[in-house]
Every structure is written in structure tokens, then in C-alpha cells.
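Visitor: when you get a sec, could you give me coordinates for this:
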Amino acid sequence: MFLSLCSGGDRMERVPLGIEKLDKLIEGGILRGFSVALLGVPGTYKSLFSRIFASEGLMRGEPVIYVTYDRSPEMVREALRGIIAARGGSPDLVEKLHLVDCWSWRIRRAAEEEGVSNPVDFQNVYRRLKEISSSEKNGRLVLDSLTGVISVSHGETQREISEVFKVLKAMLKQNGYTQLYILYSNVYKKMIGPLLYCMDGIFRFRRKLEDNRYRYYISVDRLFLTEHPSELIEFVPSKNDIKLLI
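Guide: So this is what the prediction gives:
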């Protein structure tokens, strides 16, 4: 656990991401209850980043909620088991994960016990997240992805979606949940601005093709109440980890 002194002199808990070098650059982690957008094109390892964050929480004994729109529950669990095992933890910790299945409806199969059978109506998702976070407080949430939410929210306007997320984030913050939201930067561009505006932080992921291979970078564009670097930081991804080249 990391603590930080804020403007009023109060000590606030910081939640480590699980990437040691990056945690050191942001005063030990994200402030408890804050919301951070992971912004970038597909293939820049935003999901790996979020799974490391979730795995860190499970290994610390924290409640962890993982909402999956874009990948099957089986794939998410297997990825988390691999990360935890690579860090010397027990893969069985994944059994403590609250996995909110918003993926199964796409292939017309029944959602898992904590899943949502009709995520097209986001109120159903909101109620499930409120139920879980109210019973087990002070945890972590990953929503993979916010782009998936937008893609199934037929007919809802930019303003309506932004208002729903203000309510969602406020509820989760009240229950002590630090939140990561994955957002693809190359789709739904008209909606990105309002959604990013109400986030406490933005981590941007990039890739550049150099000498016929991709190089990957992360930048902390914004993180309230936190000193952080503004420059691009190169990282090397592997199956179960992200290594910063600093």
C-alpha cells in the first residue's frame, strides 16, 4: 500500500499498477477511486496492461471486477492465470475474480453467473457492478472495453453515454474502486472527447514501425493529483509482462 499527501493534508491510498518502474514514476500508483482511460489503437497492449493491473489486485487480496465485452471469459481467465503464475503467485487466485461476462450474448450463449444477459441496456451492467462493488469494497475494476459499450449502445447519444459513465464512475469511486477503461482511439471519435474529459487520468499507448518492426510506447497524458512524466516511454511487451526501457 502506498499513501500520498494531497492538498488538504489528507493521506490518500495509492493503488499500484503492478509495473514497478511505472509505479515509481507516478508516486506509487493511482489514487484509490480514480478512473483512468487507456487510449490507443488496437494492438498496443492496453489489455495486457489492464490484466497486469487486475492480477496485481488479486495477488494483494483485493476484490477485482473485470468486465469483458471484447474477449471470452475463458480467454480472460487463462491470460490472468499466466500473468499471476509468471509473478510467482497461485493461478487459483483467478477463482476470486468477479468476471462480468458481457461477451457471451454476442454468440447467443448464456452469460456466466455474474454476467449480463442483455448488456445492450447498460443499466443492466450498472446494476451488476453496483451489486458486486457494494458487497466487496475497495477494489479494482477493468472495463475491456469502453469502445465495446459504445458499439452496443444503439441509438444513445454522445451526451447520454457520457452521463451514464459519470454516474457509474461516481458509484464505483464511492465504493473505493480504482478503475481502468480501455478505449480505442481510432473509432467513435466524436464520443471520445466527452468520455476522456470526465476521467481522472489518461494513459496513451502508441506504436511506431521502425526497421520493419513495431516499437511500443506509453505516455501519461494526465493523472490528477500526481506528479508524472510527460514524455513517451518505450516498453517491451511479452505474453505476461510489460518492461519499461528506462
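Visitor: mind listing the helices for the chain?
Guide: Under the criterion DSSP state H, the chain carries helices at the ranges 20-25, 46-59, 73-86, 122-135, 146-152, 158-174, 189-197.
Visitor: so which residue is dead centre in this structure?
Guide: Leu180 (2.4 Å; C-alpha atoms, centre = their mean).
Visitor: and the pLDDT for that residue?
Guide: With respect to pLDDT, Leu180 scores 98.
Visitor: mean pLDDT lowest where, among the helices of the chain?
Guide: helix 189-197 (a mean of 78).
Visitor: buried ones in that helix?
Guide: Neighbour counts over helix 189-197 (16 or more other C-beta atoms under 10 Å) mark 191-192, 195-196 as buried. Bear in mind the C-beta positions are built from the backbone N, C-alpha and C, glycine included.
Visitor: in JSON lines: those, plus distance to Asp23.
Guide: Shown next, in JSON lines, are the buried residues of helix 189-197 (distance: C-beta to C-beta, whole Å):
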{"residue": "Met191", "distance to Asp23": "30"}
{"residue": "Ile192", "distance to Asp23": "27"}
{"residue": "Leu195", "distance to Asp23": "25"}
{"residue": "Leu196", "distance to Asp23": "23"}
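Visitor: and stretch 107-118, what's its mean pLDDT?
Guide: Stretch 107-118 shows a mean pLDDT of 90.
Visitor: end to end on it, go ahead and measure it.
Guide: Counting by C-alpha to C-alpha, to the nearest Å, you get 12 Å between the two ends of stretch 107-118.
Visitor: tell me how far it lies from the chain's centre.
Guide: Centroid separation for stretch 107-118 versus its chain: 21 Å, with C-alpha atoms, centre = their mean, to the nearest Å.
Visitor: for it, list every residue counted as buried.
Guide: In stretch 107-118, counting by 16+ other C-beta under 10 Å, buried: 111, 114-116.
Visitor: equivalent analysis for stretch 122-142, please.
Guide: By 16+ other C-beta under 10 Å, the buried positions in stretch 122-142 come out as 122, 125-126, 128-130, 132-133, 136, 139-142.
Visitor: before we move on, the earlier item: if I pick the residue nearest to the centre of the chain, what's in contact with it?
Guide: Neighbouring residues of Leu180 by C-beta atoms under 8 Å, 6 or more residues apart in numbering: 35-38, 49-50, 53, 140-143.
Visitor: then Val36?
Guide: By C-beta under 8 Å, 6+ apart, Val36 lies in contact with 30, 179-181, 199-203, 223.
Visitor: state the pair within these that is farthest apart.
Guide: Tyr181 and Leu223 (14.1 Å; C-beta to C-beta).
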